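Colleague: Build me a structure from this.
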Amino acid sequence: MQKKTLLNRQLILEWFDQTDEAFADKLLKDNQFSFSKLPRREEILSILSSVEKAYNSKRGAWTPCQDKFLNIAVLGLCLKHQQNPIELTSQQWNEISNLFRFHNWKACRNRWLEESRKKACWTPLEDKVLKQLQQFKPNKWCEIAIDLMRICKTPYIRQGKSCRDRWVNKLDPNIINNPWTKEEELLLFRETELRGKKWAEISSQVFQSQRTENNIKNRYYNIFKQAESQHTFGKITKEQKNKILINSIIKQFEGAINYHKKQEETVEQELNKYQLHLFDFNELDDYEGIAILSKKKFVKLNYQN
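Modeller: Model prediction:
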């Protein structure tokens, strides 16, 4: 919804009154602001004027003057509360977003953090805190990211998306990391044919989130590329080639599963024929009367202590 709030010049100028210069210098040095030193009143007013002139243009798009204005707003609020940007709460980011006509607090935070973002491995402490925050604020990823950075005091940026990806792909206790079975792979290709490449939907509705979106997507393309490397095609369209490959993959899985079922049925028939049972050797104390399947024949064990 379009915001009706007008630009409050006086509020913004008040943020820069009675500034702690030592804190301001450290704030500018330690963070990715577009200013090397505190902007003068005239500079702030100039930026506000340029923003007001373009107030009704380019809905939803970030413009250079909006970026400058965002830097002013974040810097001013940090000076007012004597906080670093990563310590700002969702309520404080909302206070900043109220100055913008078309951007909510998440858009403002993500935009400002965009240039500050650095790739960094997740630490055990971050994983522990993320698990706890997910329990208290389920799926509120932007708020979780803010709290995570404040609690762990990370020197780098964690955005809501990276927190969600970490949870969905690594930390969610519902995830299974066992090797894929032929039955799962066949189900994956059948469902992809039916639904399209909607990995999130397939993950939640077909695999009950036990297989992640990334895991599903990667498995699909790995199998597809292996099949593609084993075939030679003439002059056909990409759509025709994909259809041939997918049908071939599905038939291959169906054949492998049927073959495995027949093997199991054969073993079951042999067991019934000789009135035998399958045992776990680790659970047996007495091997007398035990037979093993060797070269498709059952052989009785002659075990002696």
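Colleague: where does the stretch 151-300 of the chain have low pLDDT?
Modeller: Residue ranges of the stretch 151-300 of the chain with pLDDT under 70: 155, 270-271, 273-300.
Colleague: Where do the strands of it begin and end?
Modeller: Secondary structure of the stretch 151-300 of the chain (DSSP state E, counting those that start in this stretch): strands at 291-294, 297-300.
Colleague: residues of the helix or strand where residue 67 lies that come out buried?
Modeller: Residue 67 is part of helix 64-81, with elements assigned from DSSP states H and E. The neighbour-count check on helix 64-81 (16 or more other C-beta atoms under 10 Å) flags 65-66, 68-80 as buried. Every C-beta, even on glycine, is put in place using the N, C-alpha and C of the backbone.
Colleague: Also stretch 19-35?
Modeller: Under 16+ other C-beta under 10 Å, the buried positions of stretch 19-35 are 24, 27-28, 33.
Colleague: do the same with stretch 231-245
Modeller: residue 245.
Colleague: So what touches it?
Modeller: Applying C-beta atoms under 8 Å, 6 or more residues apart in numbering, the contact partners of stretch 231-245 are 224, 227-228, 248.
Colleague: run the last query once more with 10 Å
Modeller: Stretch 231-245 has contacts (C-beta atoms under 10 Å, 6 or more residues apart in numbering) with 193, 223-225, 227-228, 230, 248.
Colleague: What of stretch 26-33?
Modeller: Contacts for stretch 26-33 (C-beta under 10 Å, 6+ apart): 19-20, 34-39, 71-72, 74-75, 78-79, 82-86, 112-117, 155, 157.
Colleague: C-alpha coordinates for it, PDB please?
Modeller: Presented in PDB, the C-alpha positions along stretch 26-33 are these (Å, rounded to 0.1, in the frame of the first residue of the first chain):
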ATOM      1  CA  LYS A  26      34.000   5.500  14.900                       C
ATOM      2  CA  LEU A  27      30.600   4.800  13.300                       C
ATOM      3  CA  LEU A  28      31.700   6.100   9.900                       C
ATOM      4  CA  LYS A  29      35.000   4.300  10.100                       C
ATOM      5  CA  ASP A  30      33.500   0.900  11.000                       C
ATOM      6  CA  ASN A  31      30.500   0.800   8.700                       C
ATOM      7  CA  GLN A  32      29.800   1.100   5.000                       C
ATOM      8  CA  PHE A  33      28.300   4.600   4.900                       C
END
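Colleague: I'd like the average pLDDT over that stretch.
Modeller: Stretch 26-33 carries an average pLDDT of 78.
Colleague: picking that back up, JSON lines for the buried residues of stretch 19-35, including distance to residue 197 and secondary structure?
Modeller: Below are the buried residues of stretch 19-35 laid out as JSON lines (distance: C-beta to C-beta, whole Å; DSSP: H, G, I helix; E, B strand; the rest coil):
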{"residue": "24", "distance to residue 197": "50", "secondary structure": "helix"}
{"residue": "27", "distance to residue 197": "45", "secondary structure": "helix"}
{"residue": "28", "distance to residue 197": "46", "secondary structure": "helix"}
{"residue": "33", "distance to residue 197": "41", "secondary structure": "coil"}
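Colleague: Next, format these as TSV and append distance to residue 7.
Modeller: Formatted as TSV, these follow (distance: C-beta to C-beta, whole Å):
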residue	distance to residue 7
24	23
27	24
28	24
33	20
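Colleague: which one of those residues is nearest residue 92?
Modeller: Among the buried residues of stretch 19-35, residue 27 lies closest to residue 92 (C-beta to C-beta), at 14.8 Å.
Colleague: biggest separation within the buried residues of helix 64-81, which pair?
Modeller: 65 and 80 (22.4 Å).
Colleague: per-domain residue ranges of this structure.
Modeller: 9-114, 124-171, 182-271 (automatic domain parsing).
Colleague: for the stretch 1-150 of the chain, which spans come out with low pLDDT?
Modeller: Within the stretch 1-150 of the chain, the segments meeting pLDDT under 70 span 1-6, 54-60, 115-119.
Colleague: gap between residue 61 and residue 269?
Modeller: Residue 61 sits 70 Å away from residue 269, going by C-beta to C-beta, to the nearest Å.
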